[in-house]
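Student: sequence and predicted structure are below.
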Amino acid sequence: MASTPEGRLSFGSRLKLDFAAMMALSALTLSALSFYRSYIYTKQQLDVTVTEVSYVTNEGNLYMTVAFSNGGNRDAAVLRVEPALWSRNKEKGADEWVPLSGRVHPDIPVTSPKMPTIVKAGGVEVASLSVMLDPARAEASRVQQGAAFLGIRVATMNSDGNLYLLQHAVAKLVVDKQGRIHAAEPAIHQSLSGFVDLEGGPPGDQLQSNKKTPFVWADERF
């Protein structure tokens, strides 16, 4: 039996209705998914990567660059980031990461940008650290395996208000037989989670150099 124009029109109308229904369902699904990701699903992730350590040994100027990458869907707070030297705490009678805070110049802040700071969800923030480190102090620190160790101390907070403290070696200052700084090598080859409590002393991680190994440099002590 041949189709009538009315039948063909009816079939075409049904196709349009089916297509419209599919589009509406897809839009509703996307809307629900967006709502879930924005208001229900929570991903807390903050990666801390040391990208550079530079020590102008004979002048005592120490510079570090640290990148904070937020791969989550909630903002993260970096409360404090500071360079540190592995040395003996005389009051506690134990070795620990002792923060360095002496300015290289009155007009140059120890940390730029000023802390605390917010790392937006999906964003990256880079902090520059500039401090004085007397080479004699480094050479007199707790030398292990023929090296003095530099590290970072990072305090963070996630969107739930939980606080974390991260401490890790980032570079070792190679000390020669005369007890003088000779050069520097990386002591870290990975990004670290900003949302864990970590108290990692020397010698740092044992990974091979890779794309996350920071550039590390120091000149020889006179």
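Tutor: That came in fine, so what should we check first?
Student: pull out the buried positions in stretch 188-199.
Tutor: For stretch 188-199, burial by neighbour count (16 or more other Cβ atoms under 10 Å) applies to Ile188, His189, Leu192, Gly194, Phe195. For glycine as for every other residue, the C-beta is placed from the backbone atoms N, C-alpha and C.
Student: wait, which of those residues is closest to Leu163?
Tutor: Nearest to Leu163, judged by Cβ to Cβ, of those is Phe195 at 9.8 Å.
Student: helix, strand or coil for that closest one?
Tutor: coil (DSSP: H, G, I helix; E, B strand; the rest coil).
Student: isn't it right up against Lys43?
Tutor: No. Applying Cβ atoms under 8 Å, one finds Phe195 not in contact with Lys43, separated by 10.9 Å.
Student: can you spell out the domain ranges of this protein, please?
Tutor: When the chain is parsed with automatic domain parsing, its domains come out as 1-41, 46-218.
Student: hey, which of those domains is tucked in deepest?
Tutor: domain 46-218 (a mean of 17; mean count of other Cβ atoms under 10 Å).
Student: end to end, how far does it reach?
Tutor: 29 Å (Cα to Cα, to the nearest Å).
Student: one more: stretch 113-122?
Tutor: Counting by Cα to Cα, you get 19 Å between the two ends of stretch 113-122.
Student: so how far is it off the chain centroid?
Tutor: 11 Å (Cα atoms, centre = their mean, to the nearest Å).
Student: in a markdown table, list the domains of the chain along with mean pLDDT.
Tutor: Output for those, formatted as a markdown table (pLDDT from 0 to 100):
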| stretch | mean pLDDT |
| --- | --- |
| domain 1-41 | 63 |
| domain 46-218 | 96 |
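Student: residue contacts, the most centrally placed residue in the chain?
Tutor: Central residue of the chain (Cα atoms, centre = their mean): Val48, 1.3 Å from the mean position. In this structure, Val48 makes contact with Val66, Ala67, Phe68, Ile152, Val154, Leu166, Ser191, Leu192, Ser193, Gly194, judged by Cβ atoms under 8 Å, 6 or more residues apart in numbering.
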